[in-house]
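In: give me a 3D structure for the following:
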Amino acid sequence: MAGTFMFVLYRKLKSLKSPLKTLNKLHFNHISERVAKTEVDLEYHQYLLDDSRDDISLLNRVNELKLNHFNLKCNFFKDGDRGPSFFHVLMSHKHMKSSILVIQRSNEAITTSIDEVGDEFVHFYQNLLGTSSFTSPT
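Out: Numbers count the residues shown, from 1 in each chain. A predicted model of the protein is given here:
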């Protein structure tokens, strides 16, 4: 009984080998080259779109290329060997991108200190919202 089960399992796994190889070849083979090619194609179409902004079909093509490029990059980084190190670089880059490093004050002075930028935001919203005052319930 156990021998028959193992044989059936073996045959099913063997039949999966070819479709899995095909899937791997289609989606993961030479992925870095495919990412670079889609990036070039996307930049070219974006350049064309700059010249004719009213072309809806070109806009749709650019959006389609963006999505395809994004998906390829996600697969490349997700399945690549750079997993943890890439993730930490990506998070560091995202953090730096979302940080406010320079702000211009209302008196035209520019500040780059993180503490001064934070203080300027606090000051701005305190002036915007006003001060707190005690109100009695009626």
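
In: now the nearest residue to L72 once chain neighbours are set aside: how far from K73?
Out: Spatial nearest neighbour of L72, excluding adjacent residues (C-beta to C-beta, 6 or more residues apart in numbering): V35 at 4.9 Å. All C-beta atoms are positioned from the backbone trio N, CA, C, and that covers glycine. Distance, V35 to K73, using C-beta to C-beta, to the nearest Å: 6 Å.

In: in this protein, where is pLDDT below threshold?
Out: 1-2, 27-29, 31, 77-87, 90, 101, 106-109, 111-112, 131-132, 138 (pLDDT under 70).

In: repeat the analysis, applying 80 as the threshold.
Out: 1-3, 5, 23-35, 53-54, 72-117, 121, 128-138 (pLDDT under 80).

In: ok, then the element right after the strand or helix carrying L26?
Out: Assigned by DSSP states H and E, L26 belongs to helix 2-28. Downstream of helix 2-28, the next assigned helix or strand under DSSP H and E is helix 31-51.

In: list the buried residues in that following helix.
Out: In terms of neighbour count (16 or more other C-beta atoms under 10 Å), helix 31-51 has its buried residues at 31, 34-35, 38, 42, 45.

In: make JSON lines out of these and add distance to I100.
Out: Listed next are those as JSON lines, based on distance: C-beta to C-beta, whole Å:
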{"residue": "I31", "distance to I100": "35"}
{"residue": "R34", "distance to I100": "36"}
{"residue": "V35", "distance to I100": "31"}
{"residue": "T38", "distance to I100": "32"}
{"residue": "L42", "distance to I100": "29"}
{"residue": "H45", "distance to I100": "32"}
